[in-house]
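Colleague: what would the 3D arrangement of this be:
(one chain, ligands or ions: 1)
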Amino acid sequence: MPFTPIHLGPGIFIKALLQGSFSLMVFAWAQIIMDIQPLIVMISGTGHLHGFSHTYIGATLLALFSALSGRSLSLFGLKIMGLANKHTQITWLVAFTSAFIGTYSHVILDAIMHSDVEPYFPITLNNHFLGLISIEQLHQWCFYSGLIGVIIYYAVQYFLQKKYKKC
Ligand SMILES: [Zn+2]
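Modeller: Numbering: from 1, shown residues only. Okay, the predicted model is just below:
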């Protein structure tokens, strides 16, 4: 399903763990890029819904594209939202790490939900992720990982600020 926010839950959780070494903006951008193909298929009514974009080869190419296009776009977005200061930066390493985590996790989550996802194309068309957990469990897992992520993120930020003030 194009542009489902469930992918963002695990992204927020990873952001909480990696803090400044992970860009949630680039990650979110990668989610949008990943679902452009299914969106076109849905609108046009022709083609393979989760086709090449939802394979590991497709996800690799889209991660490269998401990192290259998403880095400056994310910095721009942070500036517009007033979340950037003069120290805000997204290194290329962070951009690529976030984009690859974004597209690869996207393939796994969609592969659990959708029978037409073929992650290992062209080696095999099997999808061993399918039905690994129920869709309801998957949605709950994504939701709670995001919720726990928000709590951890702000807890870490709070303690860092406290420590910074003491110095
Ligand atoms: Zn998708």
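
Colleague: for the chain, what lies in contact range of the ion?
Modeller: When proximity is defined by C-beta under 5 Å from the ion, the chain lies next to the ion at D35, D110. Placement of C-beta: from N, CA and C, glycine included.

Colleague: show me the shaky parts of the chain.
Modeller: Within the chain, the ranges that satisfy pLDDT under 70 run 1-3, 166-167.

Colleague: so which residues of it form helices?
Modeller: 8-18, 24-34, 36-44, 56-80, 92-113, 135-166 (DSSP state H).

Colleague: out of those helices, deepest packed?
Modeller: helix 24-34 (a mean of 24; mean count of other C-beta atoms under 10 Å).

Colleague: and it, what does it pack onto?
Modeller: Where contact means 3 or more C-beta pairs under 8 Å, 6 or more residues apart in numbering; DSSP states H and E, helix 24-34 is packed against helix 8-18, helix 56-80, helix 92-113.

Colleague: the last one vs helix 36-44, what angle?
Modeller: Looking back up the chat, that one is helix 92-113. 50 degrees (axes from the mean of the first three to the mean of the last three C-alpha atoms, to 10 degrees).

Colleague: what does the longest one give?
Modeller: Helix 56-80 and helix 36-44 meet at an angle of 90 degrees, taking the same axes, to 10 degrees as the criterion.

Colleague: who are the packing partners of helix 56-80?
Modeller: Using 3+ C-beta pairs under 8 Å, 6+ apart, helix 56-80 sits against helix 24-34, helix 92-113.
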